[in-house]
Structures are given as structure tokens and as C-alpha cells.
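> Need a 3D model of the sequence below.
(2 chains)
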There are 2 protein chains.
Amino acid sequence: MSTLIKNIHILTMDEEKTTYPDGYILIEGSDISSIGHMKDLPEKVKATEVIDGKQAIAMPGMINTHTHIGMIPFRSLGDDYPDRLRRFLFPLENECMTESLAYHSGKYAIAEMQLAGVTTFMDMYYFEDAVAKATDEMGSRAILGETVIDFPTCDTTEAYGGLDYARQFIPKWLNHELITPAIAPHATNTNSPEKLKEAARLAEYYQVPITMHVAEMDYEMAYFQEQNNLTPVGFLADIGILSERLVAAHCIHLSDEDIHILKKYNVKVAHCIGANTKSAKGVARVADLLKSEIPVGLGTDGPSSGNTLDLFTQMKLFANFHKTNLKDRAAFPAVEIVERATMGGAKVLGLEDKVGSLEIGKKADIVLVETDSVNMFPIFDPYAALVYSANASNVQDVFINGQRKVKQKQLNQENLKDLRRNLSEQMAAFATSAKKRL
Amino acid sequence: MSTLIKNIHILTMDEEKTTYPDGYILIEGSDISSIGHMKDLPEKVKATEVIDGKQAIAMPGMINTHTHIGMIPFRSLGDDYPDRLRRFLFPLENECMTESLAYHSGKYAIAEMQLAGVTTFMDMYYFEDAVAKATDEMGSRAILGETVIDFPTCDTTEAYGGLDYARQFIPKWLNHELITPAIAPHATNTNSPEKLKEAARLAEYYQVPITMHVAEMDYEMAYFQEQNNLTPVGFLADIGILSERLVAAHCIHLSDEDIHILKKYNVKVAHCIGANTKSAKGVARVADLLKSEIPVGLGTDGPSSGNTLDLFTQMKLFANFHKTNLKDRAAFPAVEIVERATMGGAKVLGLEDKVGSLEIGKKADIVLVETDSVNMFPIFDPYAALVYSANASNVQDVFINGQRKVKQKQLNQENLKDLRRNLSEQMAAFATSAKKRL
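Numbering: from 1, shown residues only, chains lettered A, B, ... in the order given. Okay, the predicted model is just below:
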């Protein structure tokens, strides 16, 4: 199986930011086997399928470094309530989240990401085995972490049941081509130090990633301050669980010393600008993190928090928030923001050898963004068009691991109506209970 | 001619925020003649055309209170340069902007707004007569102001030539059904006090609106501070040109006293959150303006500044920036943000008796937003879906003054490819010169 995509404006996002304004990509099996200028396309290339890109922008599949794909049912529910987490999220999860609901929500959310050009994601939620099944069926690339928290929840009858769950879940999915299992302690202050250490040992034992909400909440900051005059990052360092395995989500509130510590232990950061600012939590110090050479990727957070799962929304919010906070319109030029959504995310997830850029030998995770829609003209700078003008609906074709997942803005191997109907059916009890709480 | 739209979720945006979750709207001629619950639809209604809305969200046409639609050619050109205005915008306008280019850019931009559900806009630019011709042909509702500035520019050979231009332009378009001519001094510091007063007298004489960039630029603030220890708003009050006729665009930098003055003179504010934050200029004090009962609408600014002409982008940025700045996730709940994009804008433009809400007797400026796309499920709160999840591509049907302008996401009376080709042809010299400056 081979696919030749021709007549495209390629942004490789490689180290040198090589572009081929009139280029081609050859996919063989799951890999990119050739890429370059159209004029250099070998005459004898034979491909099973040839796609005329019609001057679409070709970019690496985008990488969503933090989400909760089981949470589609919560979208648009009580967005503007002050304590939404404790009024809606925790109780509804306990009462109404089921394995089947997580599975169907997962499939729907993956469809949404594929349609938006997100080819890899890192998830943390409950029933992660069902999420993995959904991911496997949809054929996206993912790191999936089972959540561990200090109370009984939807998929366990005891506090910290996620640890037992993960002991089954991780070995089961260890050798999957596209899926990497992981462990996901919920947050710094919703696990005891002992259980955080146990989660870290589990990750170490299986050599898998660990992800956690870090320095996100005001009350989290206050808690560690009062407890022992520490920051959450300082606390994690103190208990000895910081490592290059850790993807720390949010990291909104960081001191200079915190940044120093994150760098020292090679921790990676998933930056969720949309969710963080919609909930008025603040803006993480991304410029300072990058100055310290700490990998930073973009995350949408769950569909209940950020309300979209696409990285176009995140790129636009990233640009406007960071330029404004730095009081510098020239800060983070568009190419650097596209880098956050691609290679930046790959480095956060430790997948930079496989994805994040379009280069020979890398996996064929490729997005074509059409330029026919009214918002995509003129294009003096394709990076600027992607960051400042484009939206998820401009995504035209998406390949993951060489498979065409989106064809002319439609799912190629699944039916969106079916996915929605299945999810909707599973949501009946959830919706009834949710409306009572409004 | 009458059109019945049925099976729609209507957000009227009237004073009481009345909704009809399963509703109908009857359009007769240019007006809304009936609206209500489907169960109350009179049996004997006869309509020339019947549209099944299939549970789309129906909302008032959105109102863009500040833009420069002649500037499509500048989009994605040098976005991240520090002094973009003087490096690209002013010189390229002088060198390459022509009446024909403004006209074709205008038509394209109006198409883009219609496709995004913007049915009314306020423009300020050059060759405004060509912009009016474009608006008339496209059938959008608009207030169009010819720019006055203290140097010769593309449509005049002398400084302040816009005043002479306006003396022709205003009476020519005074009695148009959809278009209101206006005068638009460029900014507080790019006109002499005498010429500002002359522009205000012209607006007064013809009883038309006046619009201007106010308190937008750091150097504008510094100039008035140094000159006479004043703010731009204080200066405008001093020279006596503040009135309810004035739509002040941006108003990023306001003192408490400025807000007091704006209220005293019934000035209205066009808030351009996207353009202001992309260029790192800051966030206007909208909560304080509204507390003082000063009308505030949303504006995209020109396609070169904000890069999109849709208000979905503005609503999302509005939510995240103002919630974050106020440190309150419950501030500006979604319904209030939809109000900014509709009735809020209508009040800014003095068109609240005609548009801004869906009510019997008002003009039939109506937008249907489909809920079939992947990002539009579930919907517990339609306002939240519009603000936090939707994008311009979700707009399905648009009516302006009773005319169907967008049908199933396509222009109904124009061909987008033709509009783009025409603009592209006119842009040849512009594009060549633009690329030389990069």
C-alpha cells in the first residue's frame, strides 16, 4: 500500500523548518518514504493511490498533549458556574459514568480530533481500557493514562482503585503499535504522597509515562503553601517522583525555582491555554519554560473544560494570550506556535523520533488543510494562515500511521452519525441527572 | 415573498432573552412577521418557501461594529513584525490600494462575513464609495465611513482629502435601505483638532454616525499625555466632538474619568478583543464600561489585524480574556457574550429598533447555526455551544433583510470562486510589492 500526495504546500516542521511550497509526499505502509519539491518527484514512482492536494497546506499531524476524551457528555454543561468541578463533574462521574459511556465518548472524541487534524493525544480518565479499545478501533496514536484519585469513583469501589486498574491495564496494552499505556495520578493534592510514589514506581517498572495535573488550582497552591511552605512542584521534587517520564499538565502557577526544578528533572509540560483561561485560572509562563529548554506542548484539556478538541483554537488563544502577556506583538511568531502543536507536542510525549515532523522514515501522520475556504485567502505566510485564520473545519485530509482517516472533511472509515447516535443513547441517564443539577 | 423556518431552537436575544427550543419564524418581505413555539404555529400559514431547520440554533444576525473590509489583501502579511502599520500597511495603501481593489476586497469580505453569520457591519476605509457599491450588490446591512487622515493617501492627493470625499459620498448614500454613510477620522492623533471638529460638524449636518480609533496605541496615549496632560478621550471632550453619534473603536486604555466622560456624552464603544490582543495592545475595560451602561459591541477590526471577520472567534476570545482578567470564571456567562455580538452591537450602531434581536416587526436578519457537526454535541446550553464550541463554519443559513444570503453553507446569490478570482486578479501589483517588503 502506497499513497502519493502531490501539489501541496509542505511545512515539514523539521529542525530547519524546511518547506516545499509545491511539494509531494510519498507514503509507503505506515511511513513517509519520500518527500520533496514536485520538480524532484522521481518519474518512476508508483503509488496505489494518488491524491492531488490542490495547493492545500500539508503539516504534521497535530499532537494534543492533555485531554479527557471520556468527557464529551459534559460539554456545554454548567460552563459558567463558579465551582463546576464539585457541582457537576465529580458527582456526575460517580453517579453516571460507565465503561460503555467512556468508550462511546472516546470514539466520538477521537473522531472529533481526527476531523480537526489531531493525530496523537495523551489522555487521562477512568475506564481507560475502554478508552484504549476506542482508540484502537479508531486508529489514532495515543498515550492513555488510568486516573488514580483518593476517593472511590466510577470505575473503582475504593479510593486509589486506579492503581489496581492500572496494574491490569498497562501490561495489557504495552506492545500496541499506536497505543502506549500510562498511569495518571489525578493531581498533586488529590493523592497521598505514598500513592503518588506508588504510581511513579509502577510507571518506572513498566517504563511507561506518568501524567498529572500540576500547579493548576488556587486551592492546590494554598494547600502546599500551608502544609509545608512548598509549591506543588517543590512537593513533587521532595517526594522524589519527578523524572523525564512525567508530563505535567497545566503548570499555571510556577516560581522561578519551580522552573529550575522542572528543568533539572527533565519534566515535560502540557500547556492548556484555552481551558486555563476559560476558567480564569491564569496563563502559564511558557516563554520562561521554553527559555529553560523545557519541552512544552499544547493540550485542549477535556471537552468539558475547553469545549473543543482541536489545536487551531489553542494556537489562536496561545498567540493572543502570550503576545499580550509579554506586551510584544512579535513574540511567538506563527511558525513557533505551529511548532508547539507539532514537534513541541511530540517532544513532550517522547514521540519525537516517530512523529511531529514530516521527514523520511517518520510515521505518516499528515494533515492537509485546504485553502479554498473564504477565510484562507490570501496566504503570504502559511504559518500565519494556520494560526490566525484557520479553524478546525479547514482540515481536509488526515493520515495516521499511513492510514487515511479523513477524506474530504469526512471520516473515511467510520460514520459520524452512528458514533453520535451510539453516544447519545448511552447518555440518557447522564443527561437526565445533569439537567437536574442545573 | 414569505419564508417559514420551522423546527429551530430560537434564541431571540430580546430584553427577556426569550427562547423557543422548538420554534418557528415567519419572514414576510424584509420583516419578521411571526415567531414562536412550533405548537403555536398558525395552521393556515402560507409561505412561498418552507425551510426545515432540523434543530439548528436560530439567532439574530451578528453585528461587527468595527472593520476595514478593503484590507483583505493584507491578510497574513507580516503579522508578527513589530511596527507593521508603518512597515506594511501605510506604504502599501499609498502605493497599491485602488478603487477597484477596495471594491473587490469589499465584496470578498462581505461574502466572508455573510458565510460567518455577520449581517451588519460598520466599516471605515478609503474609496468608501466603492465599498458602498460592493455592500449594495452583496445586500448586507452596513454603516460605512470614509477615512480622514493627515496625509495624502490612496484615494486623495492631499492631506484630509477624505473630508471632500465624504461631502460627495454621504449625500449620495443617505437614503439607501441598508447602507448608512458616515465619516471616519482615522484616529485622535492622526487628525488636527480643527479637522476633527470639521468631521464632527459634517456628521451633525447630515445626521450620520462618526467613527474613529480611540485610545488604541501606546504612542497615542503618550502624545496626549505630553502635549497637554490629557487622555485621548479627555482631548476629544475638550474639543467638543463627543456625542451619541460617535462609535469609538478599541478604547483599550481608559481611566475612570474617561469612562465617566464616555457615559456623559453617550459615546458607544466597538471592542476588538482579537485584534487588540494579537497585537499585544491590551484588553479594554469592558466590564467597567457595561457597569456604566455604555453600549459595547464586538468588532473584528480589519482582516489584516484580526485575520478573521467572524464573531465566533471574537466571542471565544472575549470569554477567555475577560474571565481571566477579572479572575472569575463565572463572569460574562455565555448568554451575555452572545448579547455583545447581537443586541449589544445593534445598540452601538443605533440600529436596535431594526436588528439585534428576533422579534415581530424587526428586520429579518437571521442566522441558523447547525448542530450536526462534530463540535456541536451535546448541547445543554445553546449559548455555551455558540461561544465555547462553535466556529464560523457551523453557520448554515443566513438571511439579511428577508433575503436568503447563505444556503446550506454556500453563498446563495454569489459565487465565491468568482469573487476570489476577481480579487486575486486585482491584487497582482499589491502582492508583488508586498513580497518585496517581507
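
> From residue A:85, how far out is residue A:125?
15 Å (Cβ to Cβ, to the nearest Å). To be clear about C-beta, it is placed using only N, CA and C from the backbone, and glycine gets the same treatment.

> Could you check which of the two is surrounded by more residues?
Counting neighbours by other Cβ atoms under 10 Å in any protein chain shown for residue A:125 and for residue A:85 shows that residue A:125 has the greater number, 25 against 13.

> What sits closest to that one if chain neighbours are left out?
Excluding the flanking residues, the one nearest residue A:125 by Cβ to Cβ, 6 or more residues apart in numbering or on different chains is residue A:70, at 4.2 Å.

> what's the neighbour count on the one you found?
Look at residue A:70: counted by other Cβ under 10 Å, it has 33 neighbours.

> for it, what are its contacts?
Residues near residue A:70 by Cβ atoms under 8 Å, 6 or more residues apart in numbering or on different chains: A:97, A:101-102, A:105-106, A:109, A:123, A:125-127, A:131.

> now swap in residue A:38 and tell me
Listed by Cβ under 8 Å, 6+ apart, the contact set of residue A:38 reads A:6-7, A:20, A:22-24.

> The helix or strand that contains residue A:92 near chain B anywhere?
Per DSSP states H and E, residue A:92 falls inside helix A:90-96. No. Applying Cβ under 8 Å from any Cβ of the partner chain, one finds helix A:90-96 separated from chain B by no less than 11.4 Å.

> for that helix, which positions count as buried?
Buried residues in helix A:90-96, counted by 16 or more other Cβ atoms under 10 Å in any protein chain shown: A:92-93, A:96.

> what do you get for stretch A:224-241?
If you call a residue buried by 16+ other Cβ under 10 Å, then stretch A:224-241 has these buried ones: A:224, A:230-233, A:235-237, A:241.

> mean confidence for the strand or helix carrying residue A:270?
Taking DSSP H and E as the definition, residue A:270 sits inside strand A:268-271. Strand A:268-271 comes out with an average pLDDT of 98.

> Against which helices or strands is the helix or strand that it is followed by packed?
Moving toward the C-terminus from strand A:268-271, the next helix or strand (DSSP H and E) is helix A:273-278. Helix A:273-278 is packed against helix A:311-326, helix B:311-326, with contacts defined by 3 or more Cβ pairs under 8 Å, 6 or more residues apart in numbering or on different chains; DSSP states H and E.

> do that again at 10 Å, thanks
Under the contact definition 3 or more Cβ pairs under 10 Å, 6 or more residues apart in numbering or on different chains; DSSP states H and E, helix A:273-278 sits against strand A:246-250, helix A:311-326, helix B:311-326.

> Report the separation between residue A:317 and chain B.
In this structure, residue A:317 and chain B are 6 Å apart, going by Cβ to the nearest Cβ, to the nearest Å.

> Now do that residue: how many residues are near it, please.
25.

> what sits against it?
Listed by Cβ atoms under 10 Å, 6 or more residues apart in numbering or on different chains, the contact set of residue A:317 reads A:272-278, A:283, A:298, A:306, B:277, B:316-317, B:320-321.

> picking that back up, starting at the chain centroid, how far to the strand holding residue A:270?
Offset of strand A:268-271 from its chain centre (Cα atoms, centre = their mean, to the nearest Å): 10 Å.

> Wondering if that strand reaches chain B at all.
No. Using Cβ under 10 Å from any Cβ of the partner chain, strand A:268-271 never reaches chain B; the gap is at least 14.1 Å.

> In helices only, show me the buried residues of stretch A:224-241.
Taking DSSP state H, the ones among the buried residues of stretch A:224-241 that sit in helices are A:224, A:232-233, A:235-237.

> What is the most widely separated pair among those residues?
Maximum pairwise distance in those, criterion Cβ to Cβ, is 11.6 Å, between A:224 and A:237.

> Name the residues contacting each of these two.
Any residue near both residue A:224 and residue A:237 by Cβ under 10 Å, 6+ apart counts here, and that gives A:230-231.

> Quick check, central residue of chain A?
Among the residues of chain A, the one closest to the centroid is residue A:64, at 1.7 Å (Cα atoms, centre = their mean).

> Quick one: residues contacting it.
Residue A:64 touches A:113, A:116, A:118-123, A:140, A:142, A:270, A:272, A:297-301, A:306, A:309-311, A:314, A:341, A:345, A:349, counting by Cβ under 10 Å, 6+ apart.

> and the closest residue to residue A:76 other than its chain neighbours, what element?
Spatial nearest neighbour of residue A:76, chain neighbours left out: residue B:384 (4.2 Å); criterion: Cβ to Cβ, 6+ apart. Assigned by DSSP H and E, residue B:384 belongs to helix B:382-384.

> quick one on the thing from earlier: tell me the secondary structure at the residue nearest to the centre of chain A.
Local secondary structure at residue A:64 is given as strand here, using DSSP: H, G, I helix; E, B strand; the rest coil.

> That one pairs with what?
residue A:121 (DSSP bridges).

> quick one on the thing from earlier: did I read that right, the residue nearest to residue A:125 in a strand?
No. Read with three-state DSSP, residue A:70 is helix and lies in no strand.

> Which pLDDT value belongs to it?
Note for residue A:70: predicted pLDDT of 98.

> Distance check, it against residue A:257.
Using Cβ to Cβ, residue A:70 is found at 35 Å from residue A:257.
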